[in-house]
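Student: The amino acid sequence is not available; the structure is as follows:
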Ligand SMILES: NC(=O)c1ccc[n+]([C@@H]2O[C@H](COP(=O)([O-])OP(=O)(O)OC[C@H]3O[C@@H](n4cnc5c(N)ncnc54)[C@H](OP(=O)(O)O)[C@@H]3O)[C@@H](O)[C@H]2O)c1
C-alpha cells in the first residue's frame, strides 16, 4: 500500500488520499516552500484552515505546481468563531479567494465552539453554518463537507436538523488518545475520521515504550504512530516542515500485528 496513491472513499464516493500534510503553525511565508516540497515527494493532500493564516501560501503553491488541479486534494476550515448561514458563505468566499481556487475538495467547521470559549453551546450557529455548506456542496463549489472537533452530541444535532451526514469529522487522534466514542459513532455512520495531531504535536516522539516497539520493527516512532491511525481506519494528517520527514511519514510499507495494535491501544 502506497499512502501517496491510495485513498479512503468518502460516503459520497469522493476519493481522499490516505495521508495528508498538516499545515498548522506553518507561517504563510514558509508554507509555499513546504507545500512545494510535499508535492515533490508525492503528497497530494494538504490540510489548511483560515485560522492558520496560510491559505494564501498554500494557494500559491497549488498554482505554481505542475500537478493537475484534480490530482490535489485541498481542505480548509471555517474559523471556529464564525457561525451562521451568511457568515459562512462570506468566509468561504474569502478562503477561496486566498486559495485562488474555483472548487474546494473539503470544507470543515473548524470546531463546534470558538477556541476562545471552548464548550460554549453554538448548536444553532453550527446548524446554520452546516446548511450553508450543504448549499455550497449542492452548487458544486465544494466536493465534500464536514466538521472538526465535533462530539457525538454535536454531530447528532447537525445531522438531525439537516438530514445530512458530514463526510468527515477531523478530531484529535493518536496513540494514547483515541476518542473511541466519537470514532465508533462516525464509523457506524460512514463519516471518515481524520486523525489530527497523529504525533501528538511531537509530544510522543520520545515515548520509551514506543521507542522500543519501533526499534523492534525497524521503523521510527513517527511511522509507528501514523500506521496506527491508518490501521484504525482513520486518515492521518502529520505535519512537518522538513522534506526528509515528509518522506519518512509516508513510508509505511509494514503492518502492525493484532497484538502490536492491542499493545498500542493500552499505551497511555
Ligand atoms: N482541526 C483541528 O482543530 C486541528 C488541530 C490540530 C491539528 N490539526 C491538523 O493536524 C495536523 C497535524 O497535527 P499537529 O500539527 O498538531 O502535529 P503532529 O503532526 O502530531 O506533529 C508535528 C510535530 O512533529 C514533528 N515531526 C513530524 N514528523 C516527524 C518525524 N518524522 N520525526 C520527528 N519529528 C517529526 C514536527 O516537527 P517539524 O515540523 O520540525 O518536522 C512537529 O513538531 C496540523 O498541522 C493540522 O493540519 C487540526
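Tutor: Perfect, I can see it now. These numbers were taken from a predicted model, which means no experiment stands behind them. Residues are numbered from 1 along each chain as shown.
Student: residues from the stretch 51-200 of the chain in reach of the ligand?
Tutor: 110-111, 148-149, 170, 196-200 (CB under 6 Å from any ligand atom). Every C-beta, even on glycine, is put in place using the N, C-alpha and C of the backbone.
Student: got these as TSV, with distance to residue 140, secondary structure and pLDDT columns?
Tutor: Formatted as TSV, those follow (distance: CB to CB, whole Å; DSSP: H, G, I helix; E, B strand; the rest coil; pLDDT from 0 to 100):
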residue	distance to residue 140	secondary structure	pLDDT
110	23	coil	98
111	26	coil	98
148	23	strand	98
149	27	coil	98
170	22	strand	98
196	27	strand	98
197	32	coil	98
198	31	coil	98
199	35	coil	98
200	37	helix	98
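Student: pLDDT value on the closest residue to residue 64 other than its chain neighbours, please?
Tutor: Closest residue in space to residue 64, ignoring its immediate chain neighbours: residue 36 at 6.7 Å, by CB to CB, 6 or more residues apart in numbering. Note on residue 36: pLDDT of 98.
Student: what's the neighbour count on residue 69?
Tutor: 13 (other CB atoms under 10 Å).
Student: Need phi/psi at the nearest residue to it once chain neighbours are set aside.
Tutor: Nearest residue to residue 69 in three dimensions, chain neighbours excluded: residue 62, at 7.2 Å (CB to CB, 6+ apart). For residue 62, the backbone dihedrals (degrees, to the nearest 10) come out as phi -60, psi -40.
Student: Residue 62 touches residue 99, doesn't it?
Tutor: Yes - using CB atoms under 8 Å, residue 62 makes contact with residue 99 at a distance of 7.2 Å.
Student: ok, what's across the strand from the residue of the chain found nearest the ligand?
Tutor: Of all residues in the chain, residue 22 sits closest to the ligand, at 2.4 Å by CB to the nearest ligand atom. Beta-bridge partners recorded for residue 22 (DSSP bridges): residue 47, residue 239.
Student: And it, how far from residue 82?
Tutor: Separation of residue 22 from residue 82 (CB to CB, to the nearest Å): 21 Å.
Student: neighbour count winner among those two?
Tutor: With neighbours defined as other CB under 10 Å, residue 22 and residue 82 compare such that residue 22 has more, 23 against 20.
Student: List the contacts of that one.
Tutor: Shown in contact with residue 22 (CB atoms under 8 Å, 6 or more residues apart in numbering): 47, 196-197, 237-239.
Student: Quick one: which of those residues is the most crowded by neighbours?
Tutor: Counting by other CB under 10 Å, residue 47 has the largest number of neighbours within those, with 26 neighbours.
Student: Quick one, grab the pLDDT at that residue.
Tutor: So residue 47 comes in at 98 (pLDDT).
Student: so it touches residue 75, yeah?
Tutor: Yes - look at residue 47 against residue 75 with CB under 8 Å: they come within range, at 4.8 Å.
Student: any shared contact partners between these two?
Tutor: Overlap between the contact sets of residue 47 and residue 75, as judged by CB under 8 Å, 6+ apart, is given by 20, 170.
Student: Isn't the residue nearest to residue 64 up against residue 63?
Tutor: No - the criterion here is CB under 8 Å, and residue 36 misses it with residue 63 at 10.8 Å.
Student: Quick check on the two: which one has the bigger neighbour count.
Tutor: residue 36 (16 against 12).
Student: where does this structure dip in pLDDT?
Tutor: Within the chain, the set of residues satisfying pLDDT under 70 comprises 1.
Student: in it, which spans are helices?
Tutor: 28-40, 55-64, 85-99, 123-138, 152-162, 180-188, 208-217, 221-231, 243-249, 258-266 (DSSP state H).
Student: With respect to burial, which of the ones you listed scores highest?
Tutor: Among the helices of the chain, ranked by average contacts under mean count of other CB atoms under 10 Å, first place goes to helix 221-231 (a mean of 23).
Student: Is any residue of it near the ligand?
Tutor: Yes - Helix 221-231 is in contact with the ligand by CB under 6 Å from any ligand atom, via residue 222.
Student: can you list contacts of that helix?
Tutor: With CB under 8 Å, 6+ apart as the contact definition, helix 221-231 has outside contacts at 3, 18-19, 173-175, 195, 198-200, 204-207, 210-211, 213-214, 217, 219, 235-236, 238, 245, 248-249, 251-252, 254-256, 261, 264.
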